[in-house]
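Colleague: Build me a structure from this.
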Amino acid sequence: MRWTVANKIRQVQKGSLMIRYLYDAAGNRVMKRIPVDTTEYILRDGTGNELERITIKGITTVRTEGSIYGSSRLGTLSYPTTTTPDTVETRPTGRYAYEIVDHLGNVRVTISDVKTIAASAGGYTLSARVLSANDYFPFGLPSGTFQPSYKWGFNGKENDHEVLTGGRFQDYG
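Modeller: Now for the predicted structure:
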């Protein structure tokens, strides 16, 4: 691993794969370059909140993910991998992931916009599909997880799966 003077990860070597990162003046990650031909750009607003991720692979540019905001980040929106120009876009379910956070900003549960129907006495009940659930010991050590595939975790920080397998590395710069 190589670090910047601001104590941010500049590059990670995993076998023959070298991943490079670039940061803005405020210390926010704005680019991740994976060798061969893939670059991921992170677009941010003036306060540093992540708005959208764009991936360029060769000559193909794809919007991969956007953030949903209210007074803070509420969740993420996964864009379709293929789009056809000049067509009507429908709203398929399963693209939205909403965060349920505690008072410290830790993402405890993420739920999908897909609803599950279950029969109950006197009718039916609707419940949200749980995508991931996390619990933490003090100072961020995970104490139990259920499908920890969501990229945001303790203190609302992004899990870096490339730096450490299992996504337990988080950038606190």
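Colleague: From now on I want contacts and neighbour counts done on CA atoms only, so please keep to that.
Modeller: Noted.
Colleague: to the chain's geometric centre, what's the distance from stretch 96-113?
Modeller: 12 Å (Cα atoms, centre = their mean, to the nearest Å).
Colleague: typo on my end, it should be stretch 46-53
Modeller: On Cα atoms, centre = their mean, the centre of stretch 46-53 falls 12 Å from that of its chain.
Colleague: And the contacts of that stretch?
Modeller: Outside stretch 46-53, the residues that touch it by Cα atoms under 8 Å, 6 or more residues apart in numbering are 26, 28, 40-45, 63-67.
Colleague: Based on its surroundings, how many neighbours for the spatially closest residue to Lys57 that is not a sequence neighbour?
Modeller: In space, and not counting its chain neighbours, Lys57 is closest to Thr38: 4.4 Å by Cα to Cα, 6 or more residues apart in numbering. Burial of Thr38 is recorded as 15 neighbouring residues (other Cα atoms under 10 Å).
Colleague: And the one 5 residues further on, by the same measure?
Modeller: Neighbours of Leu43 under the rule other Cα under 10 Å: 16.
Colleague: now the one 10 residues further on
Modeller: The burial metric for Arg53, expressed as a neighbour count using other Cα under 10 Å, is 20.
Colleague: for Glu99, same thing?
Modeller: Neighbour number of Glu99 under other Cα under 10 Å is 26.
Colleague: Leaving out the residues flanking it, which one is nearest to it?
Modeller: Excluding the flanking residues, the one nearest Glu99 by Cα to Cα, 6+ apart is Thr110, at 4.6 Å.
Colleague: Same question for Arg29.
Modeller: Tyr23 (4.3 Å).
Colleague: Quick check: the gap between the one you found and Ile117.
Modeller: 45 Å (Cα to Cα, to the nearest Å).
Colleague: Of those two, which one has the most company?
Modeller: Neighbours were counted for Tyr23 and for Ile117 using other Cα under 10 Å; Tyr23 has more, 17 against 11.
Colleague: what's the model's confidence in stretch 93-106, averaged?
Modeller: Mean pLDDT, computed over stretch 93-106, is 81.
Colleague: ok so, going back, what sits against the residue nearest to Glu99?
Modeller: Contacts for Thr110 (Cα under 8 Å, 6+ apart) come out as Ala97, Tyr98, Glu99, Ile100, Val130, Leu131, Ser132, Ala133, Tyr150.
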